[in-house]
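J.: how would this look folded up:
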Amino acid sequence: MVIQTIGAWITILAVLVGGGWAWWRYTRQKPDLPRVNATVDASLSTVGGLDYISFGVTITHVSGGALTIEREPTEDAPRVEVSQLSRISAHGDLPPTIVVVAPVLVRDQTLSGGEFIQDQGMVSVGVRRVDTVAYQVRFIFSGGWEKQSWTWSPNKILPLPDNVVDKE
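T.: So this is what the prediction gives:
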């Protein structure tokens with residue numbers, strides 16, 4: 001009798017938890033909205049005293065309605081921004097200095113659920129300033145679904161090694 005009562009309470013609890021999850025997932029989270037994973041990967045090279053950043057970006061449309069990658073207005077166009085972080089900006093006292101902006105994903109427009117797009121490139125960030133401790137690489141893009149728009153901006157920090165080997 002006690003085991004049947006405990007089993008009944010566990011069943012009631014499971015039904016309530018499952019119902020709460022279903023309500024949250026299908027009512028509150030709007031399942032037709034695009035689910036997007038965006039990543040940026042980057043590496044640093046130094047050649048002839050100049051720093052170069054190689055990068056790769058990926059947008060994976062996990063599920064939901066078709067996602068349109070926005071290009072207009074120009075500030076919404078997909079891009080990679082490389083910033084120098086100084087000793088001060090690394091602690092949040094000063095904003096990073098953007099040194100390069102590179103356009104990416106110039107041909108791809110729309111992604112359906114389950115599709116992904118990738119792009120890669122390399123940019124010269126020039127001669128390193130004395131106070132630079134790292135580079136920040138941000139992948140920024142905006143996507144639209146129906147009449148709504150969102151902006152994503154994953155980033156990667158590339159700390160500078162104490163002794164960078166010059167690859168000549």
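J.: Tell me which residue is most central in this structure.
T.: Taking Cα atoms, centre = their mean as the criterion, Pro154 is the residue nearest the geometric centre of the chain, at 2.6 Å.
J.: Contacts only, for that one.
T.: Contact partners of Pro154, counting by Cβ atoms under 8 Å, 6 or more residues apart in numbering, are 38-40, 138-139. Heads up, the C-betas are built off the backbone N, CA and C, glycines and all.
J.: List the buried residues for stretch 102-109?
T.: Residues of stretch 102-109 classed as buried under the neighbour-count rule (16 or more other Cβ atoms under 10 Å) are 102, 104-105.
J.: what do you get for stretch 118-130?
T.: Judged by neighbour count using 16+ other Cβ under 10 Å, the buried positions of stretch 118-130 are 119, 123, 125, 128.
J.: And the chain, split by domain according to the record?
T.: Partitioning the chain according to automatic domain parsing yields domains covering residues 1-31, 32-159.
J.: Arg79 bridge partners, please.
T.: Each beta-bridge partner of Arg79 is listed here: Pro103, Ile140, as defined by DSSP bridges.
J.: Can you give me the pLDDT of it?
T.: The predicted structure scores Arg79 at 90 on the pLDDT scale.
J.: Return the members of the contacts of Pro154 classed as buried.
T.: Neighbour-count burial within the contacts of Pro154 applies to 38, 40, 138-139; the criterion is 16+ other Cβ under 10 Å.
J.: mind listing what the helix or strand containing Thr58 pairs with, with the direction of each?
T.: For Thr58, the enclosing helix or strand under DSSP states H and E is strand 50-63. Strands that pair with strand 50-63, judged by DSSP bridges, come out as strand 35-47 (antiparallel), strand 116-127 (antiparallel).
J.: Send me it as PDB with only the CA atoms.
T.: Written as PDB, here are the backbone C-alpha positions of strand 50-63 (Å, rounded to 0.1, in the frame of the first residue of the first chain):
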ATOM      1  CA  LEU A  50      53.400  42.400 -38.400                       C
ATOM      2  CA  ASP A  51      50.600  40.500 -36.600                       C
ATOM      3  CA  TYR A  52      48.100  38.500 -38.600                       C
ATOM      4  CA  ILE A  53      44.800  37.000 -37.400                       C
ATOM      5  CA  SER A  54      43.400  33.900 -39.200                       C
ATOM      6  CA  PHE A  55      39.700  33.300 -38.400                       C
ATOM      7  CA  GLY A  56      36.900  31.000 -39.200                       C
ATOM      8  CA  VAL A  57      33.200  31.700 -38.500                       C
ATOM      9  CA  THR A  58      30.200  29.300 -38.500                       C
ATOM     10  CA  ILE A  59      26.500  29.900 -38.200                       C
ATOM     11  CA  THR A  60      24.500  26.800 -37.600                       C
ATOM     12  CA  HIS A  61      20.700  27.100 -37.800                       C
ATOM     13  CA  VAL A  62      19.600  24.400 -35.400                       C
ATOM     14  CA  SER A  63      15.800  24.600 -35.900                       C
END
